[in-house]
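Engineer: Based on what follows, work out the 3D shape:
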Amino acid sequence: MSIYTPISYTSSDGLALYARDYPPTSAATGAATDAGAGARLPVICIHGLTRNSADFDELAPILSAMGRRVIAVDVRGRGHSAHDPNPDNYNPNVYAADVARLMEHLGLGRAIFVGTSMGGLITMTLAARRLDLIAAAVLNDVGPVLSVRGLQRIAGYAGRCNALASWDDAAAYLRDINACAFPANSDEEWGKWARRAFEQKDDGQLALRYDPNIAQAIQTGKLRPTSLAARMAFRRLARRRPTLLVRGALSDLVEQEQADWMRKAAPELHYAEVPNVGHAPMLTEPEALEAIRAFLSKLP
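Structural biologist: Predicted structure coming up:
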């Protein structure tokens, strides 16, 4: 079972935010080790649009066993972080400011970032504003150029799920919207996803663990497939910091065309592809883990 310490902190605009703090552990004994002076760079994991920090409950202990402190955040409006009364604040600029605030709260000067989908957009946004905070980055199935096909699919379900009656219903819902990306998932795996993505209310109904208003940007077309600012932020990150792109081979958000653009724009970009998985890999797949281990092994 994953062992972490809950972190509560406050954004600059007064919103209550949450993260999980996994201490570095000994690979041999599993015991926590010192995260103080001389420790390896910490890792900050940021989830996708409709997800939360629980998505990293398998990856985080693996990374912590490599001797790194791991922080998995609940972006505002998700998980245990408060919902924002102003939906306009659900955007990467605000999210990036929240991450910088978390690092200040924890006294972290630099970190390695692992960003899945929206988490990668947040990482690129932070690179444009505070590159000094980023030592290296893993972009999980995301980049500055995205496929319209994938954006349309996500817009079709984000923020649109009604309360469900049972955990079986919750697993079935997640299977319906994600089976195209994870064709090999077992019933057990879908059930595990349901426990991460849903919470049980006082009336026994199950609701997704996010504010439906987080989807406004993608539903209204404000989130565009690309922009000059996004492309500049990516180049700033990938040309000046070690960066690994992990792509699902079945991805409809980062298709081969978008991946080729990124590799051409940043020739030093590290690249790994996960077979038989779409958007977005969980990063516990053997191909993803092998790439991440190799990438992190070269970093302090």
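Engineer: Next, the contact list for Gly48, please.
Structural biologist: Shown in contact with Gly48 (C-beta atoms under 8 Å, 6 or more residues apart in numbering): Asp55, Thr116, Ser117, Met118, Gly119, Ala280. The way it works is simple: take the backbone N, C-alpha and C, and place the C-beta from them, glycine included.
Engineer: If we use 10 Å, what do you get?
Structural biologist: Residues counted as contacts of Gly48 (C-beta atoms under 10 Å, 6 or more residues apart in numbering) are 55, 75, 78, 115-121, 140-142, 154, 253, 279-280.
Engineer: Repeat that for Met66.
Structural biologist: Applying C-beta under 10 Å, 6+ apart to Met66 gives the contacts Pro24, Thr25, Ala27, Arg40, Val43, Ile292, Arg293, Leu296, Ser297.
Engineer: Dump the helix or strand containing Ser8 to CSV, restricted to CA.
Structural biologist: Assigned by DSSP states H and E, Ser8 belongs to strand 5-10. Below are the C-alpha coordinates for strand 5-10, written out as CSV (Å, rounded to 0.1, in the frame of the first residue of the first chain):
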residue,chain,number,x,y,z
THR,A,5,1.6,12.4,3.8
PRO,A,6,-1.3,14.6,2.8
ILE,A,7,-0.3,18.2,2.1
SER,A,8,-2.7,21.1,2.5
TYR,A,9,-1.7,24.6,1.3
THR,A,10,-3.4,27.7,0.0
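Engineer: Low-confidence regions, this structure specifically.
Structural biologist: Counting by pLDDT under 70, the chain shows low-confidence ranges at 1-2, 26-38.
Engineer: Farthest from the middle of it: give me that residue.
Structural biologist: Residue farthest from the centre of the chain, counting by C-alpha atoms, centre = their mean, is Asp203 at 30.4 Å.
Engineer: That one reaches Leu164, doesn't it?
Structural biologist: No - when contacts are counted by C-beta atoms under 10 Å, Asp203 is not listed as touching Leu164 (12.0 Å).
Engineer: Overlap in contacts, these two.
Structural biologist: Common neighbours of Asp203 and Leu164 (C-beta under 10 Å, 6+ apart) do not exist.
Engineer: thinking again about what came up before, would you agree the residue farthest from the centre of the chain falls within a helix?
Structural biologist: No - according to DSSP: H, G, I helix; E, B strand; the rest coil, the state of Asp203 is coil, so it is not within a helix.
Engineer: who's in contact with it?
Structural biologist: So Asp203 contacts Ala163 (C-beta under 10 Å, 6+ apart).
Engineer: how much space between it and Ala163?
Structural biologist: 8 Å (C-beta to C-beta, to the nearest Å).
Engineer: What pairs with the helix or strand containing Leu244, parallel or antiparallel?
Structural biologist: Per DSSP H and E: Leu244 is located in strand 243-248. Strand 243-248 has its sheet partners listed here by DSSP bridges as strand 134-140 (parallel), strand 270-274 (parallel).
Engineer: Could you dump the ones you listed into CSV with mean neighbour count and distance to Ile62 added?
Structural biologist: Listed next are those as CSV, based on neighbours: other C-beta atoms under 10 Å; distance: least, C-beta to C-beta, whole Å:
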stretch, mean neighbour count, distance to Ile62
strand 134-140, 25, 13
strand 270-274, 19, 15
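Engineer: Need these in CSV (columns: distance to Leu126).
Structural biologist: Converted to CSV, those look like this (distance: least, C-beta to C-beta, whole Å):
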stretch, distance to Leu126
strand 134-140, 6
strand 270-274, 19
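Engineer: Nearest to Arg235, out of the ones you listed?
Structural biologist: Nearest to Arg235, of all the strands paired with strand 243-248, is strand 134-140, at 12.8 Å by C-beta to C-beta.
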